[in-house]
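# Sequence isn't available, so here's the structure alone:
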C-alpha cells in the first residue's frame, strides 16, 4: 500500500512540475520601448491674432516598439522653457498610438499663454514626446526640438467653478454668472463678484449645472448640496473656494493704488457698476505703484511681467518714469486674467 501511495505522490509532483514549467515558459518578458524619433515642420514663430486660424506646426514621431508584447502606447507632447530640464513640463497633447499632432497658431499660442509666458516677447522653449505603456509604468522620451516663439496675449484658460445666485437670477445661462479660477489647477479657486444688493445668496457649482454643487456648512465650511451662502452687504467681493478642504472665504473690497508714485498714500479708485471696473485719474510722480484692497497688503495686485497682466502681491510694482496725470483702469472681471491700462 505504501508503494502505491509513493507512486501517487510522485506522479502528482511530476504533474505540478509540468504545469509550473509551462506557466513559467508563458511569462512575458517586459522591456523598455525604443526611443521615438521626433521632428517638427517649423521651429521659429512670431504669432499674431491675424493668423490665429493658420496652421503653425506639425510634430511627428516614430512608433515606440519592442516593449516585449503587443502594447498600446500613449504619446504625450511636453513643452518647457529651455534650460529647465523638463522638470515641470506642460503637456500639450496626449493620445494612444498617435504619431503626429498639428497645431494652429491659436491653439499653440493658447498653450504658451497658459504657461504664464509674457506676450510680445521671444521665448526659447523645447518640445519632446513621451512614450508610455500604462500597464507597465515605464516610459521613454525622444530628443527635444527647439521652439522659438513670440506669442500674442490671450486670457489663460483655467479650471473653473461657477457661482449661481440671486444676483443673476440663479441661472447658468445668464451672462452675469460669476466664475472662479484655479490658476494652479489645484482645486483652490478665486474670483471677484459684484453684488448690487444686500443679503445676496449664492452657491458654488462644479460645472454649469446643479449636478455637483456646494453650499454653506457654517463656519466658513462647504458641504455638498448645502445651504445658500450669503453676502450681508452689497459690494465688490473677492470670493475664494478650496475644494480640497471644503472651505470658503468672502471679502468685500474697495480698491486703491499706492506706492512711491502715489507719495506713499492710498489713492482711492472708483467702481463702475456697469462695466465692473475700477478706475482713477490722478497725479503721479516718478516712481512705482501697485493695487491693493481695503488699504492693506493682504489682497494686492501688481505686474510681475510688465505686460499689463496682474498677479498676486506687490513685487511687480508698476513703474512711472515721468510725473504727470494718469488714468488707470483695473479690470478683474475675468478670473485669473486680471488686467489694467495706464494712459497719460
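Sure thing, it's come through. All of these numbers come straight from a predicted model, not from anything done at the bench. Numbering: from 1, shown residues only.
# For residue 263, grab phi and psi.
Per-residue torsions, residue 263: phi 70, psi 20 (degrees, to the nearest 10).
# what's the neighbour count on the nearest residue to it once chain neighbours are set aside?
Leaving aside its chain neighbours, residue 263 sits nearest to residue 285 (6.6 Å; criterion: C-beta to C-beta, 6 or more residues apart in numbering). Yep, even glycine has a C-beta here, placed from its N, CA and C like the rest. Residues within reach of residue 285, counting by other C-beta atoms under 10 Å, total 13.
# before we move on, what about residue 226?
The tally of other residues near residue 226 (other C-beta under 10 Å) stands at 17.
# so who does the closest residue to it other than its chain neighbours touch?
Excluding its sequence neighbours, the residue lying closest to residue 226 (C-beta to C-beta, 6+ apart) is residue 215, at 2.9 Å. Counting by C-beta atoms under 8 Å, 6 or more residues apart in numbering, residue 215 touches 203, 204, 222, 223, 225, 226, 227, 228, 229.
# same deal with residue 222?
Residue 222 touches 204, 214, 215, 216, 241, 243, 246, 247, 248, counting by C-beta under 8 Å, 6+ apart.
# residue contacts, the first one?
By that I understand residue 204. 161, 162, 163, 180, 213, 214, 215, 222, 229, 241, 248.
# do the same with the fifth one
Listed by C-beta under 8 Å, 6+ apart, the contact set of residue 241 reads 161, 180, 188, 189, 190, 204, 214, 222, 247, 248.
# about what we covered before: what is the nearest of the contacts of residue 204 to residue 302?
Using C-beta to C-beta, residue 180 comes nearest to residue 302 of the contacts of residue 204, at 21.0 Å.
# tell me which element that closest one is part of?
strand 178-181 (DSSP states H and E).
# next helix or strand past that strand?
Taking DSSP H and E, what comes next after strand 178-181 is strand 188-195.
# quick one: contacts of that next one?
With C-beta under 8 Å, 6+ apart as the criterion, strand 188-195 contacts 159-161, 163, 167, 178-183, 202, 231, 234-244, 253, 273, 276, 332-333, 335-336.
# Let's test this: mean pLDDT of that strand, rounded?
Averaged across strand 188-195, pLDDT comes to 98.
# Pull the distance from that strand to the chain's centre.
Centre-to-centre, strand 188-195 and its host chain are 17 Å apart (C-alpha atoms, centre = their mean, to the nearest Å).
# One more: stretch 213-225?
25 Å.
# For it, list every residue counted as buried.
Using 16 or more other C-beta atoms under 10 Å as the test for burial, stretch 213-225 gives 213, 214, 215, 216, 217, 222.
# Where does the third one fall, secondary structure wise?
In other words, residue 215. strand 209-218.
# continuing past that strand, what's the next helix or strand?
Next along the chain from strand 209-218, counting by DSSP H and E, comes strand 221-224.
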